[in-house]
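Trainee: the amino acid sequence is not available; the structure is as follows:
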């Protein structure tokens, strides 16, 4: 039996324009797009709200926080996945790569068992059909840790694992080139006392000297052999980018300098930065601002990182600030990330693609000098995955 619906009177955000009209969905696929205000009987009237493609999220750390909501407290992994899933769907995300960290350094919990539990829970929930969004796994591989390669091997060839990033959070380089940022983060998170942080930094540098380079190569070789897409994390120099390119890296996550981002563009890597960076107006670690990179054409993808709702906020903020048009901003959270991970069946509102869709009302705050019309606050009013309403 054919399943058909029509979403009418919507401001439809297409690849290069915003079209007022209707979208017809048939059996989970976008069947037709038409301009105008005709609303067939039984259609859902958007009353001028925006219709966006469902967001594709490549890097969210929030599954881990649902699994371990407090230090030493672990939640049942399947309900943790369901809670995480509901939060993301409520933020307009219809496809998500759940970031799961492997490789423990000093000052961190040992997470080898946690990673396998979370991956198994994601796989179980997806196979059971109890998730709102489409879930995959993004392995965040801390190459400076001694046991990262073993943990990667222990996870095995799991179908849900489609993306892996090569990370190195050693203080004094990459994200933590400013060691004070490392100090603030570790002490602020309660992972180490102020009196012990210097010893921790020294220990991490010694460990990284031994393990970072061989682990980076070993993880890259394993990922390539399994068809897992590779991302580099926090590249800061031309040498970092060139090394990553040599390993087959296709995605540059959070480059910390304009120099690294420019080189990533030269070698064809898609550049990811955090949506919170756009919303806050800068990096929490004092690195390069995402808005600057976007204005210079050195940014392809926004991810939620540590705030699940931030991609939608960043889309409307970037448009309101005059950095890019709304269709250009929407591509940062839909079409571009879908292309980065070879999911060509989604990320755009176009006939023949999946009907992964989001209804967004742009609520306006009180006018301010910078924004006479008021800063828009996106409000999610409906989410559809393959034509079925999930939020």
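Mentor: Thanks, I have the structure now. Values in this document were obtained by computation on a predicted structure and should not be read as measured data.
Trainee: in the stretch 251-391 of the chain, which spans are strands?
Mentor: For the stretch 251-391 of the chain, the strands identified by DSSP state E, counting those that start in this stretch occupy 251-253, 270-274, 301-303, 357-364, 376-385, 388-389, in order along the chain.
Trainee: winner for burial among those strands?
Mentor: strand 301-303 (a mean of 30; mean count of other CB atoms under 10 Å). For the C-beta atoms, the positions are set from N, CA and C on the backbone; glycine is no exception.
Trainee: which helices and strands does that one pack with?
Mentor: strand 55-60, strand 270-274, helix 275-280, helix 310-320, helix 335-340 (3 or more CB pairs under 8 Å, 6 or more residues apart in numbering; DSSP states H and E).
Trainee: which residues of the chain score low on pLDDT?
Mentor: For the chain, the stretches flagged by pLDDT under 70 are 105-112, 169-198, 200-201, 203, 206, 208, 282-286, 371-373.
Trainee: for the helices and strands packed on strand 301-303, which one sits closest to residue 255?
Mentor: strand 270-274 (6.4 Å; CB to CB).
Trainee: what residues does that closest one touch?
Mentor: Judged by CB atoms under 8 Å, 6 or more residues apart in numbering, the contacts made with strand 270-274 from elsewhere in the structure are 58-59, 231, 250-255, 261, 264-265, 283, 290, 293-294, 298-306, 310, 336-337, 339-340.
Trainee: of these, keep whichever come out buried.
Mentor: A residue is treated as buried here by neighbour count (16 or more other CB atoms under 10 Å); on that basis the buried members of those are 58-59, 231, 250-255, 261, 264-265, 283, 290, 293-294, 298-305, 310, 336-337, 339-340.
Trainee: tell me what the helix ranked longest in the chain is packed against?
Mentor: Identified as the longest helix of the chain according to DSSP state H is helix 197-226. Secondary structure elements in contact with helix 197-226, counted by 3+ CB pairs under 8 Å, 6+ apart, are helix 148-155, strand 161-167, helix 179-188, strand 229-233.
Trainee: try 6 Å this time
Mentor: Contact analysis of helix 197-226 by 3 or more CB pairs under 6 Å, 6 or more residues apart in numbering; DSSP states H and E lists helix 148-155 as its packing neighbours.
Trainee: buried residues in the helix it packs on, which are they?
Mentor: Buried positions in helix 148-155, judged by neighbour count with 16+ other CB under 10 Å: 148-149, 151-152, 155.
Trainee: ditto for stretch 229-245
Mentor: Applying a neighbour-count criterion of 16+ other CB under 10 Å, one finds 229-238, 240-241, 243-245 buried in stretch 229-245.
Trainee: out of those residues, flag the one nearest to residue 219.
Mentor: Lowest distance from residue 219 to these (CB to CB) belongs to residue 230, with 8.4 Å.
Trainee: my guess is that closest one contacts residue 223, does it?
Mentor: Yes. Counting by CB atoms under 6 Å, residue 230 does reach residue 223; the two are 5.2 Å apart.
Trainee: what separation is there between the residue nearest to residue 220 when sequence neighbours are not counted and residue 141?
Mentor: With CB to CB, 6 or more residues apart in numbering as the measure, residue 247 is the residue that lies nearest to residue 220, at 3.8 Å, once sequence neighbours are left out. Note on residue 247: its distance to residue 141, by CB to CB, to the nearest Å, is 12 Å.
Trainee: neighbour count for the two, which is higher?
Mentor: Relative neighbour count places residue 141 above the other of residue 247 and residue 141, with 30 against 16, counting by other CB atoms under 10 Å.
Trainee: so the more buried one is in contact with residue 219, correct?
Mentor: Yes. Taking contact to mean CB under 6 Å, the distance of 5.0 Å between residue 141 and residue 219 places them in contact.
Trainee: can you list the domains in the chain?
Mentor: Described in terms of automatic domain parsing, the domain architecture of the chain consists of the residue ranges 4-50+353-389, 53-340.
Trainee: out of those domains, which gets nearest to residue 347?
Mentor: Distances from residue 347 to each of the domains of the chain were compared by CB to CB, and the smallest falls on domain 53-340, at 3.1 Å.
Trainee: what's the first-to-last distance across the closest one?
Mentor: Start-to-end span of domain 53-340 (CA to CA, to the nearest Å) is 16 Å.
Trainee: ok, now which ones touch residue 85?
Mentor: Applying CB atoms under 6 Å, 6 or more residues apart in numbering, we find residue 85 in contact with 131-133.
Trainee: now neighbour count, secondary structure and distance to residue 115 too, for those, in JSON lines please.
Mentor: Converted to JSON lines, the contacts of residue 85 look like this (neighbours: other CB atoms under 10 Å; DSSP: H, G, I helix; E, B strand; the rest coil; distance: CB to CB, whole Å):
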{"residue": "131", "neighbour count": "21", "secondary structure": "coil", "distance to residue 115": "19"}
{"residue": "132", "neighbour count": "21", "secondary structure": "coil", "distance to residue 115": "23"}
{"residue": "133", "neighbour count": "27", "secondary structure": "coil", "distance to residue 115": "20"}
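Trainee: which one of those sits closest to residue 212?
Mentor: For residue 212, the nearest member of these is residue 133. The distance, counting by CB to CB, is 33.6 Å.
Trainee: how near is the closest one to residue 57?
Mentor: 8 Å.
Trainee: overlap of the contact sets of the two?
Mentor: Counting by CB under 6 Å, 6+ apart, the shared contacts of residue 133 and residue 57 are 93, 96.
Trainee: what's near enough to touch the closest residue to residue 307 other than its chain neighbours?
Mentor: The spatial neighbour of residue 307 that comes closest, neighbours along the chain excluded (CB to CB, 6+ apart), is residue 276 at 4.9 Å. Applying CB under 6 Å, 6+ apart, we find residue 276 in contact with 305, 307, 310.
Trainee: go on, residue 298?
Mentor: Residue 298 makes contact with 261, 265, 271 under the criterion CB under 6 Å, 6+ apart.
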